[in-house]
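Student: have a look; sequence and predicted model below, questions after that.
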Amino acid sequence: MTKKIRKAVFPVAGLGTRFLPATKAVPKEMLTVVDRPVIQHVVDEARAAGIEHFIFVTGRNKHVIEDHFDMQYELDHTLSQRGKKREQEILASILPKAGTASFTRQQAPLGLGHAVWCARDIVGDEPFALLLPDMLHKGETPCLKEMIEAHAAHGGNHIAVAPVPEEETHQYGIVGVKDRAAKVSEITMMVEKPKQGTAPSNLHITGRYILQPSIFALLATQEKGAGNEIQLTDAMVTLAKSEKFHAVRFDGEIYDTGSKLGFLTANMAYALSDSSLKDAFRAEAKKLLG
Ligand code: UTP
């Protein structure tokens with residue numbers, strides 16, 4: 001029997017240099033897509049997938065993320081006095097139940113692999129989900145829910161993937177799979193940013209993972225890789241020698257909100273599917289586009 005996925009890790013300690021100066025004092029995870037910070041979209045996805053414990057790997061200047069998921073008594077009191085019940089309910093729905101959110105610090109941004117390793121004691125000896133908060137996955141079914149179902153069926157490790165144009169594969173982590181047409185398929189190889197013309201497929205790693213706790217021992221001894229950072233992909237390549245990895249194809253839309261273009265496009269896409277906003281927004285967008 002596979003163990004239930006109860007915990008999710010959100011690495012939010014990166015510097016967000018692609019989005020300066022916006023991210024000088026505000027974490028990129030707190031930039032808003034329509035009416036909520038990017039990190040909340042991703043926490044909502046995890047919650048919808050049945051995650052019970054939310055683990056944030058934070059860094060300097062990221063305390064506002066912790067505040068976002070905490071009770072704000074003064075605000076709640078003021079809303080209550082003004083009879084703003086709906087707003088109170090919205091805030092209450094964000095709040096994790098007592099004891100179900102943990103925060104640990106990555107003292108220096110040494111890479112995604114290192115950030116994940118910082119969560120090892122809180123995760124403990126059980127498989128866990130990992131969600132990169134800047135990658136928004138918008139689809140009918142939450143991406144992580146599909147992955148948890150795949151994990152229940154196959155066990156082992158899982159990586160969400162989606163196709164990219166062949167000529168762009170050198171910009172991504174790419175996986176080779178046994179069956180390109182299948183929704184869930186065994187991974188045959190993984191490579192970070194393959195040289196042009198050498199990629200095993202056009203399926204890129206999108207930022208959602210289910211990993212076995214055995215990854216932590218590998219991350220502990222992982223040498224620095226690309227960008228002089230401790231790379232998660234390098235540790236996964238080693239783990240794949242002894243454990244199974246499956247790719248779970250995500251069929252929705254993916255937005256990289258860590259890039260300006262991805263962030264702006266995400267705002268448009270989410271606004272166009274917000275029932276209270278879409279008609280007015282479409283009219284404004286039409287005026288702008290001429
Ligand atoms: P990115 O490489 O996209 O984030 O890492 P970054 O380094 O903040 O962004 P740029 O490239 O400088 O603009 C993916 C995720 O991993 C986290 C980031 O916060 C982001 O959510 N991360 C990355 C860490 O938590 N620690 C790190 O050392 C590196």
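Tutor: Received, thanks.

Student: tell me the helix or strand right after the helix or strand harbouring Ala217.
Tutor: For Ala217, the host element (DSSP states H and E) is helix 215-220. Using DSSP H and E, the next helix or strand after helix 215-220 towards the C-terminus is helix 232-239.

Student: ok so, going back, what is the helix holding Ala217 packed up against?
Tutor: When contacts are defined as 3 or more C-beta pairs under 8 Å, 6 or more residues apart in numbering; DSSP states H and E, helix 215-220 sits against helix 112-117, helix 120-123, helix 232-239. Yep, even glycine has a C-beta here, placed from its N, CA and C like the rest.

Student: for Asp251, list the residues it contacts.
Tutor: Gly139, Ala162, Lys183 (C-beta atoms under 8 Å, 6 or more residues apart in numbering).

Student: if we use 7 Å, what do you get?
Tutor: By C-beta atoms under 7 Å, 6 or more residues apart in numbering, the contact set of Asp251 is Gly139.

Student: secondary structure class for it?
Tutor: Under DSSP: H, G, I helix; E, B strand; the rest coil, the three-state class of Asp251 is coil.

Student: check the residue in the chain that the ligand sits nearest to and give its pLDDT.
Tutor: The ligand sits closest to Gly14 of the chain, with a gap of 2.1 Å, by C-beta to the nearest ligand atom. Note on Gly14: pLDDT of 90.

Student: quick one: the strands in the stretch 101-250 of the chain, in order.
Tutor: Along the stretch 101-250 of the chain, the segments classed as strands by DSSP state E, counting those that start in this stretch run 101-105, 128-131, 135-138, 157-163, 173-177, 184-192, 203-211, 245-249.

Student: measure how far the last one is from the centre of its chain, please.
Tutor: I take that to be strand 245-249. Relative to its chain's centre, strand 245-249 lies at 16 Å (C-alpha atoms, centre = their mean, to the nearest Å).

Student: parallel or antiparallel, which strands does it pair with?
Tutor: Partner strands for strand 245-249, per DSSP bridges, with pairing direction: strand 157-163 (parallel), strand 184-192 (antiparallel).

Student: which other residues reach that strand?
Tutor: The set of residues external to strand 245-249 that reach it, using C-beta under 7 Å, 6+ apart, is 146-147, 150, 154, 156-162, 175, 177, 183-187, 203, 236.

Student: quick check: angle from that strand to strand 173-177?
Tutor: Angle, strand 245-249 to strand 173-177, by axes from the mean of the first three to the mean of the last three C-alpha atoms, to 10 degrees: 100 degrees.

Student: buried set for the helix or strand following strand 245-249?
Tutor: Sequence-wise, the next helix or strand downstream of strand 245-249 (DSSP H and E) is strand 253-256. Buried residues in strand 253-256, counted by 16 or more other C-beta atoms under 10 Å: Ile254, Tyr255, Asp256.

Student: ok, stretch 191-209 next?
Tutor: 191-192, 194, 199-209.

Student: among the helices and strands packed on helix 215-220, which is nearest Gly262?
Tutor: Of all the helices and strands packed on helix 215-220, helix 112-117 sits nearest to Gly262, with 17.4 Å by C-beta to C-beta.

Student: still on that earlier bit, buried residues in the helix holding Ala217?
Tutor: Ile215, Phe216, Leu218, Leu219.

Student: right, is it up against the ligand?
Tutor: No - between helix 215-220 and the ligand, judged by C-beta under 6 Å from any ligand atom, nothing touches; the nearest distance is 12.2 Å.

Student: just the CA atoms of that helix, as CSV, please.
Tutor: The C-alpha trace of helix 215-220 is given here as CSV (Å, rounded to 0.1, in the frame of the first residue of the first chain):
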residue,chain,number,x,y,z
ILE,A,215,15.7,12.2,-1.8
PHE,A,216,16.9,14.0,1.4
ALA,A,217,19.9,11.8,1.9
LEU,A,218,20.9,12.5,-1.7
LEU,A,219,20.4,16.2,-1.3
ALA,A,220,22.6,16.2,1.8
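
Student: what parts of this protein come near the ligand?
Tutor: Residues of the chain found near the ligand (C-beta under 6 Å from any ligand atom) are 11-19, 57, 106, 109-112, 114-115, 132-134, 258.

Student: at 8 Å instead, please
Tutor: Applying C-beta under 8 Å from any ligand atom, one finds that the chain approaches the ligand through 10-19, 23, 27-29, 57, 59, 106, 108-112, 114-115, 132-135, 207, 229-230, 256, 258-259.
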